[in-house]
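1. Structure of the sequence below:
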Amino acid sequence: MVVRKIVKIDAERCNGCGSCIPKCAEGALKIVDGKAKIVSDVYCDGLGACLGHCPQGAITIIEREAIDFSEEAAKRHVSQAKPEGREQQILLQWPVKLNLLPLKAPFYENADLLIAADCAPVACPSFRGLFMPGKKTIIGCPKFEDARGYAQKLGEILRQNNIATITIVHMEVPCCSGLKWAVDKALEASGKKIPVRRYEITVRGEINEL
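-> All right, here's what the predicted structure looks like:
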């Protein structure tokens, strides 16, 4: 044991948004029971790459007695992590259904939004690994729900929050184009210029950037 710098998480301030998780290359952080926690002191280098990514200000760097950081152990930890465990860390906010999302929330701040058709993850097995890491996920179905309502709500979300980028993922079927329409209308209503990337998934699971 040595006295060194290490991350400290204020459990009362942490709301479990998960914004810090993708920023920790050593895999030292994990959401446990709705709160960010250090998996093991040996994986935390104490440099605080996660520090500026907590909207609640729940992360600080302190000095305390801890096991010394091991870069080799951290690399093994990251490489040996089970895919399902890593996927559980990808979801950075809840809820994800557009109709249930609040208009304004801390997790929107400087967020990269993923706006996807709710059937896209079913058609594309690699959806989670390709599109979700580091993004706040929003899903919906413009065919069975109100596309105009989607446009209005998304417009308010974009207007009331600082959104960095938008990624749209929809199916190749005609009804799914309503998702792009809703985003286009939302951007127009918000009066903001936000970079947008668009992907189409075929019914065979192939991915095309449009």
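
2. pLDDT score for residue 84?
-> Model confidence at residue 84, expressed as pLDDT, equals 41.

3. go on, residue 115?
-> So, for residue 115, pLDDT stands at 97.

4. again, but for residue 2
-> Predicted confidence (pLDDT) for residue 2: 91.

5. need the contact list for it.
-> By Cβ atoms under 8 Å, 6 or more residues apart in numbering, residue 2 lies in contact with 65-68. Bear in mind the C-beta positions are built from the backbone N, C-alpha and C, glycine included.

6. can you check residue 91 too?
-> Neighbouring residues of residue 91 by Cβ under 8 Å, 6+ apart: 18, 132, 137.

7. Pipe those residues into TSV and attach distance to residue 196, neighbour count and pLDDT per row.
-> Listed next are these as TSV, based on distance: Cβ to Cβ, whole Å; neighbours: other Cβ atoms under 10 Å; pLDDT from 0 to 100:
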residue	distance to residue 196	neighbour count	pLDDT
18	24	22	74
132	17	21	90
137	16	22	95
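
8. Could you pull up the residues touching the residue nearest the centre of the chain?
-> Using Cα atoms, centre = their mean, the residue of the chain that lies closest to the mean C-alpha position is residue 135, 3.1 Å off. Counting by Cβ under 8 Å, 6+ apart, residue 135 touches 92, 111-114, 167.

9. ditto for residue 125
-> Residue 125 sits next to residue 205 when contact means Cβ under 8 Å, 6+ apart.

10. Quickly note the distance from it to residue 207.
-> Plainly put, residue 125 is 11 Å away from residue 207 if you go by Cβ to Cβ, to the nearest Å.

11. can you give me the helices in the protein?
-> 71-80, 83-88, 120-123, 127-131, 147-160, 177-190 (DSSP state H).

12. ok and the fifth one relative to helix 177-190, angle-wise?
-> Comparing the axes of helix 147-160 and helix 177-190 via axes from the mean of the first three to the mean of the last three Cα atoms, to 10 degrees yields an angle of 40 degrees.
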